[in-house]
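Visitor: structure for the following, please:
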Amino acid sequence: MARDQIDMTPLQSRDELVAWLEAGIKPPSEFRIGTEHEKTPFTLEGRQPVPYEGARGIGALLEGMQLLLGWEPIMERGNIIGLYDVTGGGAISLEPGGQFELSGAPVETVHQTQAELMAHLAQVREIATPLGIGFLGLGMTPSWSREQIPVMPKGRYKIMTNYMPKVGQYGIDMMYRTCTVQTNLDFSSEADMVKKLRVSIALQPVATALFANSPFTEGKPNGFLSFRSEIWRDTDNARSGMLPWVFEDGMGFERWVDYALDVPMYFVKRGESYIDVAGSSFRAFFEGRNNSLPGERPTLSDWANHLSTIFPEVRLKRYLEMRGADGVPWGRLPALPAFWVGLLYDDESLNAAWDLVRHWTAAERQALRDDVPRFGFKARIRDRYLFEIARDCLKLSHAGLRRRGRIDQLGRDESRHLEPLERILEAGRTPAEEMLDKFNGEWGGSVEPVYQEYAF
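Guide: All right, here's what the predicted structure looks like:
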């Protein structure tokens with residue numbers, strides 16, 4: 001969630017950075033589920049990107065949402081750039097190209113995730129429809145060029161936009177043209193964190209295939225099933241990827257801190273201003289060697305903000321963030337938290353999932369990660385297709401959710417939220433392949449129908 005943290009205590013030692021992460025440890029009874037999803041706004045008339053300014057722009061949408069919800073506005077230089085629910089902990093924020101993100105409140109069950117999502121969609125529709133705005137549930141904008149997409153008035157994005165082309169060919173696309181759904185989950189100890197991190201990094205390609213939903217760029221098939229996932233392979237490799245060192249002996253909070261210290265920074269926030277420090281490491285800042293802020297020491301806020309600019313397939317903050325999935329239509333969104341909760345919040349399933357991946361080598365994990373954007377379920381690791389591994393994972397997740405036994409008002413457990421994924425496996429093809437079939441068939445070689453069939 002791109003909401004900047006405020007804690008201006010200067011940092012004295014590396015131990016404080018480790019302690020900040022360790023503070024995320026919780027007993028299993030306090031485990032929560034956080035789901036974040038992004039959706040692309042478009043004008044219902046003409047199906048164009050929605051600018052920030054104007055009576056029917058993103059700013060007006062946020063102002064309307066603020067009046068409806070009574071949430072606190074997040075302001076930057078006089079512009080409303082997000083909303084924050086002081087009581088529940090949820091937030092609405094803007095990605096660089098206007099992608100509208102709900103960062104859900106921490107909830108106890110996937111049923112609550114779904115309820116929160118349905119409420120959010122009803123609220124957004126109430127404000128957006130009169131403004132002539134719709135939302136698209138795809139991993140990437142299917143028809144617009146980079147140049148067409150408006151820039152949101154957030155200082156951090158300006159700095160990132162300038163820096164991205166220096167470190168990869170797709171960073172601008174990542175910022176302005178992609179959408180994801182992400183699940184954030186807790187850990188009960190350092191060892192529990194390490195185990196969940198390893199299992200979820202290794203299995204992130206399974207989520208990428210199950211949610212692969214970005215086969216079009218500028219109106220044509222781009223040769224991939226998840227082009228969003230491909231984009232991450234060449235966005236900024238100093239801050240993304242499969243983190244092979246996580247699987248080595250000695251992994252823990254300290255190891256993550258040492259990694260993060262060397263990841264280049266983007267910005268430092270002071271008051272309302274973003275100071276461009278792109279390319280220099282947090283370690284140099286920590287040692288008082290940042291050229292833009294000579295002699296100045298970072299604060300806990302700087303650390304928290306920096307950790308939110310690291311983009312591996314799974315990210316550690318005070319919880320673990322699953323980052324492998326494309327944005328999808330609303331009916332499939334609760335399936336992502338359901339999938340990971342069933343695998344990671346049930347010890348039996350977690351152990352079985354670890355058995356599934358423990359013998360894979362770093363090179364094998366990387367090759368699977370590299371192949372999945374193009375081949376989806378047909379990617380292979382050792383002698384197995386990813387399709388078979390996905391089937392195993394879904395079984396484990398289903399069993400884990402059943403054992404959790406969190407029942408809704410109709411007496412159903414959380415495994416029902418896996419149904420969209422079970423249908424995908426029954427069909428034997430990714431959502432992107434289904435969409436490509438439509439493109440080559442009933443859609444007559446046009447992506448325009450996505451604005452109806454894949455809209456929220």
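Visitor: how far off centre is stretch 19-26?
Guide: 21 Å (Cα atoms, centre = their mean, to the nearest Å).
Visitor: hey, C-alpha coordinates of the helix ranked longest in the chain in PDB?
Guide: Longest helix of the chain, by residue count under DSSP state H: helix 190-210. This file holds the C-alpha atoms of helix 190-210, laid out as PDB (Å, rounded to 0.1, in the frame of the first residue of the first chain):
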ATOM      1  CA  GLU A 190      11.200 -15.800  12.700                       C
ATOM      2  CA  ALA A 191      11.200 -19.500  11.700                       C
ATOM      3  CA  ASP A 192       7.600 -19.300  10.600                       C
ATOM      4  CA  MET A 193       8.300 -16.200   8.500                       C
ATOM      5  CA  VAL A 194      11.200 -18.000   6.800                       C
ATOM      6  CA  LYS A 195       9.200 -21.100   6.000                       C
ATOM      7  CA  LYS A 196       6.200 -19.100   4.700                       C
ATOM      8  CA  LEU A 197       8.500 -16.900   2.700                       C
ATOM      9  CA  ARG A 198      10.300 -19.800   1.100                       C
ATOM     10  CA  VAL A 199       7.100 -21.700   0.200                       C
ATOM     11  CA  SER A 200       5.400 -18.700  -1.200                       C
ATOM     12  CA  ILE A 201       8.300 -17.500  -3.300                       C
ATOM     13  CA  ALA A 202       8.700 -21.000  -4.800                       C
ATOM     14  CA  LEU A 203       5.000 -21.300  -5.500                       C
ATOM     15  CA  GLN A 204       4.400 -17.700  -6.700                       C
ATOM     16  CA  PRO A 205       4.500 -18.900 -10.400                       C
ATOM     17  CA  VAL A 206       1.500 -21.100  -9.600                       C
ATOM     18  CA  ALA A 207      -0.500 -17.900  -8.600                       C
ATOM     19  CA  THR A 208       0.900 -16.200 -11.700                       C
ATOM     20  CA  ALA A 209      -0.500 -19.000 -13.900                       C
ATOM     21  CA  LEU A 210      -3.900 -19.300 -12.100                       C
END
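Visitor: buried sites along that helix?
Guide: 190, 192-210 (16 or more other Cβ atoms under 10 Å). All C-beta spots, glycine's among them, are computed from the backbone N, C-alpha and C.
Visitor: next one: stretch 22-38
Guide: 22, 25, 26, 31, 32, 33, 34, 35, 36, 37, 38.
Visitor: stretch 286-306 now?
Guide: In stretch 286-306, counting by 16+ other Cβ under 10 Å, buried: 286, 290, 293, 298, 299, 300, 301, 302, 303, 304, 305, 306.
Visitor: tell me who's in contact with the fourth one.
Guide: This means residue 298. Shown in contact with residue 298 (Cβ atoms under 8 Å, 6 or more residues apart in numbering): 10, 11, 268, 282, 285, 286, 306.
Visitor: can you tell me how far the residue nearest to residue 442 when sequence neighbours are not counted is from residue 346?
Guide: Spatial nearest neighbour of residue 442, chain neighbours left out: residue 449 (7.9 Å); criterion: Cβ to Cβ, 6 or more residues apart in numbering. Going from residue 449 to residue 346 by Cβ to Cβ, to the nearest Å gives 39 Å.
Visitor: please say which of these two ends up with more neighbours.
Guide: Between residue 449 and residue 346, counted using other Cβ atoms under 10 Å, the more crowded position is residue 346 (20 against 14).
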